[in-house]
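# coords below, sequence missing:
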C-alpha cells in the first residue's frame, strides 16, 4: 500500500496491528513502530509506553476519540480507519482531533482510502494517507490540486473565502 505524507510519497515504517496485539508485539523488535487499535491502547498502555519504537493508535469510526486526549504526549501518530468509501465518521473524528482537542501530530487515514477522498481528507486535518491496494499513487497525488479554492472553513484554512478576498479601493 502506498503512503502519502504531507502531499508527497513516503516510506511507511509502521506496522498496523490487529487481533492479539500482545502476541503481535512479540513478533517484532522493541524498536518497531506500531499502530494499535484503541481498545489495545487502553488495555496495554503501560506496556506500550515502555515500547522503544513509535506508538500510534488506530481509531474506528465508532470509537470515542476523546479517550486519547490525555495520552497525546505518549503517541507518535493517530490513524483513523475508513471501513468503506461511504463512511464519513472519520472526517468528523479528524476535525475533532485537530480543532477541539488540539492534536498536532501525524493524523493518518487508513483502510478504504481512495483518490477521490484525499482533497477533503486533507481539509479535515489528515496529513498522511495510506491508500487502499490498487490505487495509483501518481493519480492520487494530483487529488490535492483538484480544486483551486474552497469557500468554507476547514482545518487547513480556518478563514472562509469571503474573509480572504482582496479588498479593492473604491473609486469615487
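Structure's in. What do you need? From a predicted model like this one, the values you see are computed outputs, not experimental measurements.
# and the residue lying closest to residue 112 once chain neighbours are set aside, what is it in contact with?
What sits nearest to residue 112 in space, not counting adjacent residues and going by Cβ to Cβ, 6 or more residues apart in numbering, is residue 82, at 4.9 Å. Where you see a C-beta, it was placed from the backbone N, CA and C, and this is true even at glycine. Residue 82 sits next to 61, 90, 109, 110, 111, 112, 113, 117 when contact means Cβ atoms under 8 Å, 6 or more residues apart in numbering.
# which residues does residue 82 bridge with?
For residue 82, the beta-bridge assignment (DSSP bridges) gives partners residue 111.
# Just confirm residue 9 is within a strand.
Yes. Residue 9 forms part of a strand when assessed by DSSP: H, G, I helix; E, B strand; the rest coil.
# I'd like the distance between it and residue 140.
Separation of residue 9 from residue 140 (Cβ to Cβ, to the nearest Å) stands at 9 Å.
# what's the overlap in contacts for the two?
residue 2.
# I'd like to know how far residue 130 sits from residue 148.
Residue 130 is 26 Å from residue 148, by Cβ to Cβ.
# one step back: which single one of the contacts of residue 82 is nearest to residue 160?
residue 117 (22.3 Å; Cβ to Cβ).
# tell me the SS of the closest one?
helix.
# got the contact list for it?
82, 85, 109, 143.
# between the residues you listed, which has the most around it?
In terms of neighbours by other Cβ atoms under 10 Å, the contacts of residue 117 top out with residue 109 at 25 neighbours.
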